[in-house]
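Asker: Please find the sequence and the predicted model below.
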Amino acid sequence: MNWNRTAFWGITYRQLALVLGMYAAAILLYTVSLTISQQTWSKQSFGADFLAYLPRNTFEYGLKLLLTAPVWYLLFVRLRYWPLFHRVLLHVVLLPLFIMVWQSTYYAIADAFKLGRLRDSAQIWDTYIGALFYLVQFGVFHAYAYYRDYQQQRIREVELRELAVKSELSALKAQLNPHFLYNVFNTISATVPPAQEHTRELLADLADLFRYQLQASRTDLVTVADEIAFVRKYLDLEKARFGDRLRVYFDVSDDVLNQPMPPMLLQPLIENSVRHGIAPLIDGGDVLIKIDRQNGHLAVEVADTGVGLNGSAISGNGVGLANTRMRLSKMYGHELHISPVQPHGLRVQFEIPV
């Protein structure tokens, strides 16, 4: 049997067995105590008295267990996220209520079935023992709940530490690849003969792209000027492939060049325009990068005259768009706006605070 399986209310069979065991022990100890105290004037044997008290005590503690269940449910299920101190304070109200309901119910049933019970001033013992048992059992419940929460918190802390180590290793690996490629491209560029100067320049531009990517992985913000310089190099490489089919226009205000912005935020959008918008067209098309200041924000726009809403970029779920959308949402809580360009093309816009 799987003792850790949940029975009900989040209680496992192991916990349920422990509670029932605690009640069984309480019934036996209480019955033994009553039997010993009665032996002085009892005319029966110890065993006969023990068996005589056992059914009544079992009913008495069974009724306490029945009344304990709703109190436990209130404190450890419904009010689980209350501070421990506030839940302990509730016992000031719950303890007298528990004793009052238990005594009135138990006395009514005992009188109806002639089970025998303490009467008059002796009833104070039922109040005292009932209150003592209530405090002991809920003391055990609170201690166990605190121990269980503490163990779960320790497990979560260990998992978070392991996750942090994995993230750090992943970040280091992400830095190694651009750094390695940057050095390799510089080495290849140095071996290209002077007669192929254009090829040397393209390799140098490609090496610069990896160098910028490596720097971007180490900082949260760069200037608009640095980001524009990066995308110019990227577009120079694309123009070497597309030739006159790719026409690029920049409309960037001078007063925003020194403003900070997250690195590598423009390139995925521009790559999306070139690969999904312009590349499918035989005659190519235009790409416009526009940045200016509007109402205390940097207003950024990447528009193209490509296939637009008929292309794969229609869904906005590409890796570049999804990555940019997630970064904007996480960093600023801003959205990425995608709209068509007439007669064909796609416009992507977003804002970031200055």
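Answerer: Received it, and whenever you're ready, just let me know what you need. Numbering: from 1, shown residues only.

Asker: Against Y147, how distant is L89?
Answerer: L89 is 21 Å from Y147, where distance means CB to CB, to the nearest Å. Where C-beta positions appear, they are placed from N, C-alpha and C, glycine not excepted.

Asker: Would you state the strands of the stretch 251-354 of the chain in chain order?
Answerer: For the stretch 251-354 of the chain, strands defined by DSSP state E, counting those that start in this stretch occupy the ranges 260-261, 285-294, 297-304, 337-340, 346-353.

Asker: Now do the longest one: everything it contacts.
Answerer: Defining contact as CB atoms under 8 Å, 6 or more residues apart in numbering, one finds that strand 285-294 is touched by 224, 228, 231, 235, 245-253, 255-256, 259, 266, 270, 273-274, 277-278, 298-306, 345, 351, 354.

Asker: which of the residues you listed count as buried?
Answerer: Among those, those that count as buried by neighbour count (16 or more other CB atoms under 10 Å) are 224, 228, 231, 235, 246, 248, 252, 256, 259, 266, 270, 273-274, 277-278, 298-306, 345, 351.

Asker: So T35 versus T58, what's the distance?
Answerer: According to CB to CB, T35 stands 14 Å off from T58.

Asker: Next, format the strands of the stretch 251-354 of the chain as CSV and append distance to W125.
Answerer: Listed next are the strands of the stretch 251-354 of the chain as CSV, based on distance: least, CB to CB, whole Å:
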stretch, distance to W125
strand 260-261, 76
strand 285-294, 81
strand 297-304, 76
strand 337-340, 76
strand 346-353, 72
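
Asker: Which parts of this structure are helices?
Answerer: If DSSP state H is used as the criterion, the helices of the chain fall at 13-38, 46-73, 84-113, 123-191, 197-216, 224-242, 267-272, 319-332.

Asker: so can I have a markdown table of these showing distance to D286?
Answerer: Output for those, formatted as a markdown table (distance: least, CB to CB, whole Å):
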| stretch | distance to D286 |
| --- | --- |
| helix 13-38 | 69 |
| helix 46-73 | 68 |
| helix 84-113 | 65 |
| helix 123-191 | 29 |
| helix 197-216 | 22 |
| helix 224-242 | 12 |
| helix 267-272 | 12 |
| helix 319-332 | 19 |
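
Asker: can you tell which of those is closest to G284?
Answerer: G284 sits nearest to helix 224-242 of all those, at 6.1 Å, using CB to CB.

Asker: Using CSV, write out every CA atom in that closest one.
Answerer: C-alpha atoms of helix 224-242 as CSV (Å, rounded to 0.1, in the frame of the first residue of the first chain):
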residue,chain,number,x,y,z
VAL,A,224,20.5,53.6,-29.7
ALA,A,225,23.6,54.6,-31.7
ASP,A,226,25.3,51.2,-30.9
GLU,A,227,22.2,49.3,-31.8
ILE,A,228,21.8,51.1,-35.1
ALA,A,229,25.5,50.5,-35.9
PHE,A,230,25.0,46.8,-35.3
VAL,A,231,21.9,46.5,-37.5
ARG,A,232,23.7,48.5,-40.3
LYS,A,233,26.5,45.9,-40.3
TYR,A,234,23.9,43.1,-40.3
LEU,A,235,22.1,44.7,-43.2
ASP,A,236,25.4,45.2,-45.1
LEU,A,237,25.8,41.5,-45.0
GLU,A,238,22.2,40.9,-46.2
LYS,A,239,22.7,43.4,-49.0
ALA,A,240,25.7,41.5,-50.2
ARG,A,241,23.4,38.6,-50.7
PHE,A,242,20.3,40.5,-52.0
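
Asker: Enumerate residues external to that helix that contact any of its residues.
Answerer: Contacts of helix 224-242 (CB under 8 Å, 6+ apart): 198, 202, 205-206, 208-209, 212, 246, 248, 250, 252, 256-261, 263-267, 270-271, 274, 278-279, 284, 287, 289, 291, 298.

Asker: what's the average pLDDT for that helix?
Answerer: For helix 224-242, the mean per-residue pLDDT is 89.

Asker: Could you tell me the angle between it and strand 297-304?
Answerer: Helix 224-242 and strand 297-304 are oriented at 0 degrees to each other (axes from the mean of the first three to the mean of the last three CA atoms, to 10 degrees).

Asker: Mind listing what's buried along helix 224-242?
Answerer: The neighbour-count check on helix 224-242 (16+ other CB under 10 Å) flags 224, 226-228, 230-231, 233-236, 238, 242 as buried.

Asker: Closest one to F46 out of those, please.
Answerer: Nearest member of those to F46, counting by CB to CB, is E227, at 91.2 Å.

Asker: Look up how far I291 lies from that closest one.
Answerer: 9 Å.

Asker: Quick check: closest non-adjacent residue to D283.
Answerer: R245 (6.8 Å; CB to CB, 6 or more residues apart in numbering).

Asker: I figured the one you found hits G284, correct?
Answerer: Yes. With contact defined as CB atoms under 8 Å, R245 reaches G284; the gap is 2.7 Å.

Asker: Common neighbours of these two, please.
Answerer: I278.
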